[in-house]
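1. Sequence below, structure please.
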Amino acid sequence: MACGLDVLERERPRWLEGRRVGLLMHPASVTHDLRSALEVVSNLCGPNLKVLFGPQHGIAGEKQDNMIESSHGQDEKLRIPIYSLYSKTRKPTPEMLQEVDVLLVDLQDVGTRVYTFEWTTALALVACAELGKEVVILDRPNPLGGEAVEGNLVRDGYRSFVGLYPVPMRHGLTLGEMAALVNARMANGSGSAKRPRPRKDGPGMSCAGACELTVLPVRGLKRSMHFNDTGLPWVLPSPNMPTTDTANVYPGQVLLEGTNLSEARGATRPFELFGAPFLDLPALEKKLTARHLPGCFLRPHTFEPMFHKWAGEVCQGFQIHVTDPRLYRPYYTTLAILQDILSLHGERFAWKEPPYEYVADRLPIDIITGDPAVREALETGTDLDDLAASWRGEESAFRHEGRRFHLY
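-> Numbering: from 1, shown residues only. Down below sits the predicted model:
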């Protein structure tokens with residue numbers, strides 16, 4: 001298995017020669033043998049590597065929480081600027097790109113619409129399209145595999161930096177495939193362009209759209225593979241995404257960021273663990289067991305966060321053990337958890353107040369789900385099977401649109 005960065009290093013494409021390069025990266029931007037993209041691109045480009053960019057959590061991945069911005073800086077060894085794309089701007093400015101002919105993007109995504117790296121990439125596409133710059137995605141596997149799509153689309157009025165386009169919560173695309181889809185939408189409104197085609201001047205796939213876009217695919221990747229099937233090393237792409245187990249539950253458990261429940265930030269298994277001091281575990285376990293949620297086992301677990309929600313207090317909760325990733329429905333599972341907690345603890349449970357990802361006039365849970373009807377269904381006890389059935393048409397339509405950009 002060779003990720004896009006490995007392919008770039010091995011094949012040294014001709015289109016890179018003599019061109020000024022920018023690199024958008026983070027700690028998970030590594031080769032199969034754990035060498036940094038900065039080392040690889042610096043060796044390939046020498047003084048033509050002109051600028052570095054970092055996404056949310058910082059180029060070094062040090063920032064713990066949402067809306068914790070990173071400042072700009074300088075790489076002390078190369079003496080080139082580092083621009084934060086999670087600062088006063090999340091879109092590269094013309095000044096940031098003035099020394100760049102081609103922007104390389106190497107970010108490990110997690111297959112979840114709320115994870116901001118795909119939207120950092122989307123805004124980079126917009127900026128480069130406006131300035132006539134090329135973007136090259138060094139692709140990486142979707143850790144959730146590329147077959148399952150789950151969840152409602154983002155509604156008008158609820159677009160944000162955790163959903164700039166109408167995309168399901170679990171979208172089944174790699175970052176390169178998502179970039180191609182977004183690039184086509186930029187060019188054609190809500191439509192789509194032709195499937196990416198091989199470049200004539202080197203490795204990769206060229207994608208028609210608003211921006212000149214190339215994707216260097218992962219060699220040896222099959223659509224059915226989850227990350228643990230690839231043999232590639234997992235490096236945490238953000239501080240609270242330490243393992244592939246975290247990635248498996250994240251498309252659902254990220255909803256807890258919009259509640260007063262702890263998603264176990266400040267504990268050792270973020271998002272896998274959840275809870276609060278007020279939960280009645282026996283009663284909640286009885287309700288959840290009766291649902292027969294597929295592909296997982298919820299084991300009662302007590303934990304005490306060191307920081308964040310309920311810091312220093314003992315939380316009664318569960319750990320989600322994913323027993324079969326191909327059967328597990330993360331979004332549905334967390335919706336079921338929230339609905340049962342609401343029914344048992346409506347007087348103690350609360351939706352978090354704004355702001356969330358710079359949106360101050362909507363409830364965070366509505367920004368995360370992209371549709372206030374989801375929250376309303378939880379509050380009114382709507383049958384979740386009926387709710388999920390209401391999304392099947394848009395899931396199918398998105399699956400059909402995304403298939404045009406499949407590289408694997």
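2. distance of Gly368 from Glu272?
-> Gly isn't right for residue 368; it's Ile. Counting by C-beta to C-beta, to the nearest Å, the separation of Ile368 from Glu272 is 18 Å. The C-beta positions use only the backbone N, C-alpha and C, and glycine is treated the same way.
3. The two: who's more crowded?
-> Regarding Ile368 and Glu272, a neighbour count based on other C-beta atoms under 10 Å identifies Ile368 as having more, with 27 against 23.
4. State whether the more buried one is indeed within a strand.
-> No - counting by DSSP: H, G, I helix; E, B strand; the rest coil, Ile368 falls outside a strand, being helix.
5. Help me confirm that Leu164 comes into contact with Ala122.
-> Yes - Leu164 lies in contact with Ala122 (C-beta atoms under 8 Å); the separation is 5.6 Å.
6. shared neighbours, the two?
-> Common contacts of Leu164 and Ala122 (C-beta atoms under 8 Å, 6 or more residues apart in numbering): Val182.
7. The two - which one has more neighbours?
-> Neighbour count, other C-beta under 10 Å: between Leu164 and Ala122, Ala122 has more, with 24 against 20.
8. Now that one, what are its backbone angles?
-> With angles defined as degrees, to the nearest 10, Ala122 sits at phi -60, psi -40.
9. Tell me how many other residues crowd the closest residue to it other than its chain neighbours.
-> Closest residue to Ala122 apart from its sequence neighbours, by C-beta to C-beta, 6 or more residues apart in numbering: Val182 at 4.7 Å. Per other C-beta under 10 Å, the neighbour tally for Val182 reads 27.
10. So for Gln64, what's the pLDDT?
-> Model confidence at Gln64, given as pLDDT, is 82.
11. Can you give me the distance of it to His72?
-> 20 Å.
12. again with Ile59
-> 10 Å.
13. So if I had to pick from these two, which one is more boxed in?
-> Ile59 (24 against 13).
14. Make sure the more buried one is actually in contact with Leu23.
-> No - using C-beta under 8 Å, Ile59 is not in contact with Leu23, being 9.6 Å away.
15. between the two, what contacts are shared?
-> Common contacts of Ile59 and Leu23 (C-beta under 8 Å, 6+ apart): Leu52, Phe53.
16. quick one: which helix or strand includes Leu298?
-> Under DSSP states H and E, the secondary-structure element containing Leu298 is strand 296-303.
17. on contacts alone, who are the packing partners of the helix or strand that comes right after that strand?
-> Sequence-wise, the next helix or strand downstream of strand 296-303 (DSSP H and E) is strand 315-322. With contacts taken as 3 or more C-beta pairs under 8 Å, 6 or more residues apart in numbering; DSSP states H and E, strand 315-322 sits against helix 244-253, strand 273-276, helix 281-291, strand 296-303.
18. so what strands line up beside strand 315-322?
-> Neighbouring strands of strand 315-322 in its sheet, by DSSP bridges, are strand 273-276 (antiparallel), strand 296-303 (antiparallel).
19. Point out the most buried one among the ones you listed.
-> Most buried of the strands paired with strand 315-322 by mean neighbour count (mean count of other C-beta atoms under 10 Å) is strand 273-276; its value is a mean of 26.
20. how about the strands in the protein?
-> Applying DSSP state E to the chain gives strands spanning 21-24, 49-54, 73-75, 80-84, 102-105, 134-138, 197-198, 205-207, 212-216, 273-276, 296-303, 315-322.
21. got CSV for those, with mean pLDDT and distance to Thr246 too?
-> Below are the strands of the chain laid out as CSV (pLDDT from 0 to 100; distance: least, C-beta to C-beta, whole Å):
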stretch, mean pLDDT, distance to Thr246
strand 21-24, 98, 23
strand 49-54, 98, 21
strand 73-75, 95, 28
strand 80-84, 98, 24
strand 102-105, 98, 23
strand 134-138, 97, 23
strand 197-198, 66, 35
strand 205-207, 75, 30
strand 212-216, 96, 26
strand 273-276, 98, 10
strand 296-303, 98, 14
strand 315-322, 98, 10
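22. Select, out of those, the one closest to Val30.
-> The closest of those to Val30 is strand 134-138. By C-beta to C-beta, the value is 10.9 Å.
23. Would you mind writing the CA trace of that closest one as PDB?
-> C-alpha atoms of strand 134-138 as PDB (Å, rounded to 0.1, in the frame of the first residue of the first chain):
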ATOM      1  CA  GLU A 134      -3.200  24.200  -9.300                       C
ATOM      2  CA  VAL A 135      -4.100  22.000  -6.300                       C
ATOM      3  CA  VAL A 136      -2.800  18.400  -6.000                       C
ATOM      4  CA  ILE A 137      -4.300  16.200  -3.300                       C
ATOM      5  CA  LEU A 138      -2.000  13.500  -2.000                       C
END
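24. tilt between it and strand 212-216?
-> With axes from the mean of the first three to the mean of the last three C-alpha atoms, to 10 degrees defining the directions, strand 134-138 sits at 20 degrees from strand 212-216.
25. Does anything pack onto strand 134-138? Which helices or strands?
-> Applying 3+ C-beta pairs under 8 Å, 6+ apart, we find strand 134-138 packed against helix 4-11, strand 102-105, helix 117-131, helix 175-188, strand 212-216.
26. Tell me how many other residues surround Ser36.
-> Neighbour count for Ser36, taken as other C-beta under 10 Å: 17.
27. The residue nearest the centre of the chain and Thr174: what is the separation?
-> Nearest to the geometric centre of the chain sits Tyr115, at 2.9 Å (C-alpha atoms, centre = their mean). Tyr115 sits 13 Å away from Thr174, taking C-beta to C-beta as the criterion.
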